[in-house]
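S.K.: Got a predicted structure plus its sequence, pasted below:
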Amino acid sequence: MPDLIISDIRYYPYRLPMRGSFTTAHEAMATREGAIVEILTRGGPSGLGEIAPLPAFGGGTLAAARASLSLLANHLRGKMPGPALALLYTLIALSSGKGPTAIPAATACGLESALLDLVGQLEGKSVGELLLAQKHTAPLSIDPPVRTAQNGVRELVPVNAVIGATDIQDAQKAAQEALLAGFKCVKLKMGRQGIQEQIDRVAAVREALGPTAHLRLDANEGWDFEQASAILSRCEPFSIQYVEQPLPAAALADMRRLRGATSIPLAADEAVSNLESVHQVLAAGAADILIVKPQLAGGLRAGRRIIQEALQQGLQCVVTSMLEAGVGVAGALHLAAASSEVTLECGLATLPLLEDDLLLDALPIQDGWMTVPAGPGLGVSLDRVALEKYKS
C-alpha cells in the first residue's frame with residue numbers, strides 16, 4: 001500500500017481513580033495518570049500504545065514524556081510503519097543515557113507498542129510473534145505446562161494477585177479473596193510499619209493462603225539493611241517465594257550482603273531499568289531474580305533483551321506492570337507470552353485495582369492464568385467513551 005503512511009500521532013492523557021487507595025512503601029496512590037498514544041495511518045489501521053511513568057520508580061514525569069513524544073512524532077510522520085519502527089529503535093539507541101537528549105523510557109515504550117500494534121495488524125501477527133521474530137530464542141520447557149501456539153507464543157501466562165500495604169485484617173481478607181478467585185500466587189506490599197507489625201502481616205497472609213500458595217513480598221526500597229535482615233530472618237518459616245527490592249536501588253553491595261544473610265531469594269525491581277543497570281546488578285551479585293517493567297525498561301524489545309541477558313547469567317525474570325491501564329498491560333502480557341524463559345507468575349493482574357481499564361473487552365484472568373489476546377497486533381480495542389470520561 002504505497003499510501004499507507006503515518007499521518008498523525010495523537011496523545012490522550014487520562015487520570016484513573018484507584019479502587020480504594022493503593023499503598024506501597026513509596027506512596028499511597030488514589031489515582032493513576034498516564035496517556036494513550038495512537039498512531040494513525042492514511043488509508044489503514046491505527047496502533048495503540050501507553051505512556052505511564054511513575055516518578056517514584058525513577059521513570060520520569062508525564063510532562064517530560066509528552067515533550068519527548070512531540071519531538072519524536074516529527075520524525076515518524078510521513079513514514080511507513082515498518083521503517084518508522086526501525087527509525088525509533090535507532091533514535092532510542094542514539095539517545096541512550098541520562099542526558100538531556102535521552103528519550104524517556106515510558107515514551108519509548110508507548111511509541112514502540114503503538115508501532116508494533118500497527119505492524120502486527122498489517123502483517124497479521126501478534127506483538128508477541130513480532131518480538132520473537134526480532135531475535136529468536138528457542139522455547140524452554142514450562143512448568144507447569146501451558147498452551148503454546150505453533151508460532152511459539154504462549155496463549156496463557158501465570159499471574160499473581162497483589163495486596164497493598166494495608167492493615168493485617170484487610171491483608172488477610174484480600175489473601176482469602178485471591179484464593180477464592182483461583183490465584184496460586186500473591187504478592188504482599190510491605191509498608192513502613194514497625195518490624196513486628198510487618199512480620200505479623202506476613203504471618204497472617206500466609207495463614208490465610210495456606211501452605212501451598214506462593215507468597216512473595218515487595219518492600220519497594222522501604223528497608224535499610226538492619227531492618228531487612230531482621231524481617232526476613234523471621235519470615236523464613238513462612239515459605240517466601242522471593243522479596244522484591246528490600247533495599248534502596250543503589251545499595252547493590254548491601255543487596256549482595258543481604259543475599260548471604262537470608263535464604264529468601266532477592267529480586268531487583270527499582271534497580272532494573274535498562275541493560276546497563278542490569279549489568280550493574282549482575283556484576284554486583286545483587287539479586288536472584290530481575291523484575292522487568294516495560295514502562296521502566298524502555299519498551300518491549302528492551303524488556304526482551306533484559307530477559308535474555310538474565311537467562312545467560314542463570315537468573316530468572318518476572319514481567320510486571322506499573323499499574324498502567326489496559327493498553328500498557330496488554331503490551332507487557334505479549335512480552336511475557338513471547339518469553340517462555342519466564343516461568344514464575346507475572347505481576348500483570350493489576351487492572352482490577354483501577355476504576356477502568358480503558359478497553360472495550362477486559363483481559364480475562366481465570367484461576368491465576370491471564371489469556372493473551374489472540375488477534376493481530378496487541379489484539380485490544382480502546383474504549384473511547386471511557387477515555388473521554390477519564391481524560392485529564
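M.R.: In hand now; what should we look at?
S.K.: which parts of stretch 52-66 are buried?
M.R.: Going by neighbour count (16 or more other C-beta atoms under 10 Å), the buried part of stretch 52-66 is 52-54, 57, 59-60, 62, 64-66. Any C-beta I mention is one placed from the backbone N, CA and C, and that applies to glycine too.
S.K.: Go through those residues and name the one nearest Leu188.
M.R.: The closest of those to Leu188 turns out to be Phe57 (C-beta to C-beta; 18.5 Å).
S.K.: if I pick that closest one, what's in contact with it?
M.R.: With contacts taken as C-beta atoms under 8 Å, 6 or more residues apart in numbering, Phe57 has the following neighbours: 26, 270, 293, 296, 322.
S.K.: per-residue pLDDT, the third one?
M.R.: Translated: Lys293. For Lys293, the pLDDT comes out at 97.
S.K.: Would you map the helices across the stretch 201-350 of the chain?
M.R.: Under the criterion DSSP state H, counting those that start in this stretch, helices of the stretch 201-350 of the chain are mapped to 225-235, 252-259, 275-284, 294-297, 300-312, 326-337.
S.K.: if we can go back for a sec, mind giving me the ChimeraX select for the contacts of Phe57, buried ones only?
M.R.: In ChimeraX, a selection of the buried entries from the contacts of Phe57 looks like this (16+ other C-beta under 10 Å):
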select :26,270,293,296,322
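S.K.: Name the nearest of the contacts of Phe57 relative to Ala174.
M.R.: His26 (19.2 Å).
S.K.: Dump the buried residues of stretch 52-66 into TSV; add pLDDT and secondary structure as well.
M.R.: Listed next are the buried residues of stretch 52-66 as TSV, based on pLDDT from 0 to 100; DSSP: H, G, I helix; E, B strand; the rest coil:
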residue	pLDDT	secondary structure
Ala52	97	coil
Pro53	95	coil
Leu54	91	coil
Phe57	77	helix
Gly59	74	coil
Gly60	86	coil
Leu62	94	helix
Ala64	93	helix
Ala65	94	helix
Arg66	94	helix
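S.K.: can you name the two of those that are farthest apart?
M.R.: The most widely separated members of the buried residues of stretch 52-66, counting by C-beta to C-beta, are Phe57 and Arg66 (18.0 Å).
S.K.: domains of this structure?
M.R.: The chain is divided into the following domains under automatic domain parsing: 6-124, 132-383.
S.K.: Can you give me the end-to-end span of the first one?
M.R.: If I follow you right, that is domain 6-124. The straight-line separation of the ends of domain 6-124 (C-alpha to C-alpha, to the nearest Å) is 18 Å.
S.K.: From the chain's centroid, how far away is it?
M.R.: On the basis of C-alpha atoms, centre = their mean, to the nearest Å, domain 6-124 sits 14 Å off its chain's mean C-alpha point.
S.K.: Out of the contacts of Phe57, list just those in strands.
M.R.: Among the contacts of Phe57, DSSP state E puts none in strands.
S.K.: Which of the contacts of Phe57 sits closest to Ser95?
M.R.: Distance to Ser95 across these (C-beta to C-beta) is lowest for Leu296, with 16.3 Å.
S.K.: thought that closest one was touching Ala268?
M.R.: No - in this structure, Leu296 is not within contact of Ala268 by C-beta atoms under 8 Å, at 11.7 Å.
S.K.: burial measure for the spatially closest residue to Asp367 that is not a sequence neighbour, as a count.
M.R.: Distance criterion C-beta to C-beta, 6 or more residues apart in numbering; nearest residue to Asp367, sequence neighbours excluded, is Gly182 at 3.5 Å. By the measure other C-beta atoms under 10 Å, the count of residues near Gly182 is 12.
S.K.: my guess is Gly182 meets Met370, correct?
M.R.: No - applying C-beta under 8 Å as the test, Gly182 and Met370 come out as separate, 11.5 Å apart.
S.K.: Determine the longest strand present in this structure.
M.R.: strand 6-23.
S.K.: Tell me which other helices or strands it touches.
M.R.: Secondary-structure packing of strand 6-23 (3 or more C-beta pairs under 8 Å, 6 or more residues apart in numbering; DSSP states H and E): strand 28-41, helix 62-76.
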